[in-house]
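Novice: Quick one: sequence and predicted model below, then my questions.
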Amino acid sequence: MEPITARSPVRLGFLTCYLLIKPIMAAKPAAPSFSMEDFMAALDEKTVSFEAGQRVKGKPFEYANDGVYVDIGGKSAAFLPVREAAMREPSGAEELQNLLPPNVEREFIVLKEANADGQVTISIRQMVLDQAWKELAKAQEEKQAIAARVNGVNKGGVTAAVMGLRGFIPRSHLVEREDLDSLVGQTLTVVPIEVNRNAKKLVLSNREAAKVGLMARLKVNQLIEGKITGIRPFGVFVSFEGNTGLLHVKQMSQAHVASIEDLFSQGERIRAVIMEIDEWKGRIALSTAVLENHRGEMLENKATVMTEAIARHAQLYPHWDAEPEPIAESSPEPTEQPTAPEAAESIAPTDSSESSESSESSESSESTAAQASPEAIAPETPDNPAAAEPATKPEPAPAPKAPIRLVDLKPKPSRAPESDA
């Protein structure tokens, strides 16, 4: 070491500083060194971990033909494969950029956890499919109708695309069961009847959707006309307007019914009132007992109850705004009636529950029919000047009120009820 002399003032200055700070350094130990390993360990502690199925938010910042790099706040940028960017695979980087603008934050779902390089694989498509399964499960629970596009035919039915998923409609659940090839390309209204996310199984029904639509048009206290399609010990099944209702034995009459077979027969057409509608279970409860004027009338004179069902229903529910369509074989006279609105509605097709008259029309029709006399429908004669009035002065009511007589199960020449239907 070179001796300290006047010719080395710099070294003398350093030595002086050292002597001054040495006591301080001796009193406070030096901090340990911070190695690269310590830095990486600290970085790992601050790194967010991602798990499969987790929802994250991120901003796209780099585009390639095979996918997009997205900043989700992780150790490395996440990767969005092109097939996971949308339900329909984009064609390249340019379309990806149009679909996912740079630096615009949006939500993704983690498809795969971080690899060795810390890169997470994310998806948009999977997020859409997860939402579709949830909506389909809800539609099954609530019996909601949805649209499905038929895209294939197999031995047991047809396949259809719905909300990006592939569903199956069995032949037995199709309205059109014969020419299945003609359904390809068509959009059908369906109801999910089996939704299994884990098994990736989706079964749909076109027939159930039709039933749901028809049932939605029905109302409690509505008078219906239908045909008995089944007789059981507990009641009879009645088909009407695409629906099937149950007329329970306790709702057939206010009196005890000893034998259902003696009261009703297979294929018989009857009128009944809807008492309850259970859309969840697809059940409709009917009653003829409410149409009785006295206890046991259905057992004593069923024909009269059926014939006067419309008038009795109007008295029971004066504010009801719909009536059943006439039984087809009841009378050929509707074709001869004038083109009044009431007459046109009374001969509407039987597959529409909305083509019925209002209660107000029903009541006025009944009262007019009750007051009708031979003079009111007499042909033009000199003795009947009212009938010979010109067509420019229409008569107020008799012709439009005739339909109330046409809906009787059997036409009668007078208002007096007969024992035969």
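Specialist: Nice, thanks for sending it over. Numbering: from 1, shown residues only.

Novice: does residue 275 count as helix, strand or coil?
Specialist: Following DSSP: H, G, I helix; E, B strand; the rest coil, residue 275 is assigned to strand.

Novice: For it, which residues are in contact?
Specialist: Shown in contact with residue 275 (Cβ atoms under 8 Å, 6 or more residues apart in numbering): 220-221, 251, 285-287, 290. All C-beta spots, glycine's among them, are computed from the backbone N, C-alpha and C.

Novice: mind listing which of those residues are in strands?
Specialist: 285-287 (DSSP state E).

Novice: so which of these is the most crowded?
Specialist: residue 286 (26 neighbours; other Cβ atoms under 10 Å).

Novice: Would you mind confirming that it makes contact with residue 245?
Specialist: Yes. With contacts counted by Cβ atoms under 8 Å, residue 286 reaches residue 245, the gap being 4.4 Å.

Novice: between these two, what contacts are shared?
Specialist: Common neighbours of residue 286 and residue 245 (Cβ under 8 Å, 6+ apart) are 224, 238, 272, 274.

Novice: ok, how many other residues are close to the last one?
Specialist: In other words, residue 274. Neighbour count of residue 274, defined by other Cβ under 10 Å: 19.

Novice: Looking at strand pairing, list the partners for it.
Specialist: residue 286 (DSSP bridges).

Novice: Spit out the contact partners of it.
Specialist: Residues near residue 274 by Cβ under 8 Å, 6+ apart: 218-224, 245, 284-286.

Novice: Tell me the one of those nearest residue 188?
Specialist: Nearest to residue 188 out of these is residue 218 (Cβ to Cβ; 22.6 Å).

Novice: tell me the secondary structure for that closest one?
Specialist: Of the three states, residue 218 takes coil under three-state DSSP.

Novice: For the closest residue to residue 285 other than its chain neighbours, give me its contacts.
Specialist: Closest residue to residue 285 apart from its sequence neighbours, by Cβ to Cβ, 6 or more residues apart in numbering: residue 276 at 4.0 Å. With contact set as Cβ under 8 Å, 6+ apart, residue 276 has these partners: 220, 283-285.

Novice: next one: residue 287
Specialist: So residue 287 contacts 247, 251, 272-273, 275 (Cβ under 8 Å, 6+ apart).

Novice: Dump the residues you listed to a markdown table, plus distance to residue 260 and pLDDT.
Specialist: Below are these laid out as a markdown table (distance: Cβ to Cβ, whole Å; pLDDT from 0 to 100):
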| residue | distance to residue 260 | pLDDT |
| --- | --- | --- |
| 247 | 9 | 96 |
| 251 | 12 | 95 |
| 272 | 14 | 95 |
| 273 | 18 | 95 |
| 275 | 18 | 93 |
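
Novice: nearest to residue 304, of those residues?
Specialist: Relative to residue 304, and with distances defined as Cβ to Cβ, the nearest of the contacts of residue 287 is residue 272, at 15.3 Å.

Novice: What are the buried residues along the helix or strand harbouring residue 303?
Specialist: Using DSSP states H and E, residue 303 sits in helix 302-307. For helix 302-307, burial by neighbour count (16 or more other Cβ atoms under 10 Å) applies to 302, 304-307.
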